[in-house]
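Asker: show me how the following folds:
(one chain, ligands or ions: 2)
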Amino acid sequence: MTRLGFVVSEFNRDITYQMELLGREHARFLGAEVVQTIMVPGVYDMPLAVRKLLKSDEIDAVVAIGCVIQGETAHDEIVAQHAARKLMDLSLEFDKPVTLGISGPRMSRPDAHKRVDYAKRAVEAAVKLVRRLRGE
Ligand SMILES: Nc1c(NC[C@H](O)[C@H](O)[C@H](O)CO)[nH]c(=O)[nH]c1=O
Ligand SMILES: CC(=O)[C@@H](O)COP(=O)(O)O
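Answerer: Ligands and ions are numbered 1, 2, ... in the order given. Sure thing, here's the model as predicted:
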């Protein structure tokens, strides 16, 4: 059994809600369990919550679910790029997969709706990585 933690962003919640549901459904389909979920205000705020889940012996991998939509400035790029980099650093620090179910940046709202399956893809990647790193 693969035990997942979810960190889900409340920003653009209409979209991350759909992403979260898809992610949960896919975890069930793959026979994985989502043992804990932490909601955070936005994608930029994810690293501390991810770290908290990675410290738990009951969690094998963390899936980060969020959506970064383009505004009028480069704010979207700062949010998405810093978060993605820190999530990768945490994965290597804790020796557990942290997968990127975050769409954007440089993305419109309609584009974000077309990309809700990023969450499903991140669940799939987390489960595959846990199993392969265990040698299964
Ligand atoms: N613009 C988006 C944000 N911005 C908010 C930040 O993530 C963060 O909550 C704030 O700066 C306080 O630290 N977050 C998203 O998830 N998506 C966006 O499009
Ligand atoms: C679209 C957003 O919520 C965020 O990227 C910030 O927008 P802006 O660049 O207009 O401040």
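
Asker: and the residue in the chain positioned nearest to ligand 2, what pLDDT?
Answerer: At 2.0 Å from ligand 2, residue 71 is the closest residue in the chain, using CB to the nearest ligand atom. Where you see a C-beta, it was placed from the backbone N, CA and C, and this is true even at glycine. pLDDT, residue 71: 98.

Asker: for it, which three-state class applies?
Answerer: coil (DSSP: H, G, I helix; E, B strand; the rest coil).

Asker: tell me the residues of the protein that contact ligand 1?
Answerer: Proximity of the chain to ligand 1, by CB under 6 Å from any ligand atom, involves residues 9, 11-12, 41-45, 66-69, 75-76, 79.

Asker: switch to 5 Å and redo it
Answerer: Neighbours of ligand 1 within the chain, by CB under 5 Å from any ligand atom: 9, 11, 41, 42, 43, 44, 45, 66, 68, 69, 79.

Asker: who wins for neighbours among the residues you listed?
Answerer: The most crowded member of those, judged by other CB atoms under 10 Å, is residue 66 (30 neighbours).

Asker: pLDDT value on it, please?
Answerer: In this prediction, residue 66 carries a pLDDT score of 98.

Asker: kindly report the same for residue 136.
Answerer: At residue 136, the model reports a pLDDT of 87.

Asker: count of neighbours near it?
Answerer: Applying other CB under 10 Å, we find 8 other residues in the vicinity of residue 136.

Asker: gap between it and residue 130?
Answerer: 8 Å (CB to CB, to the nearest Å).
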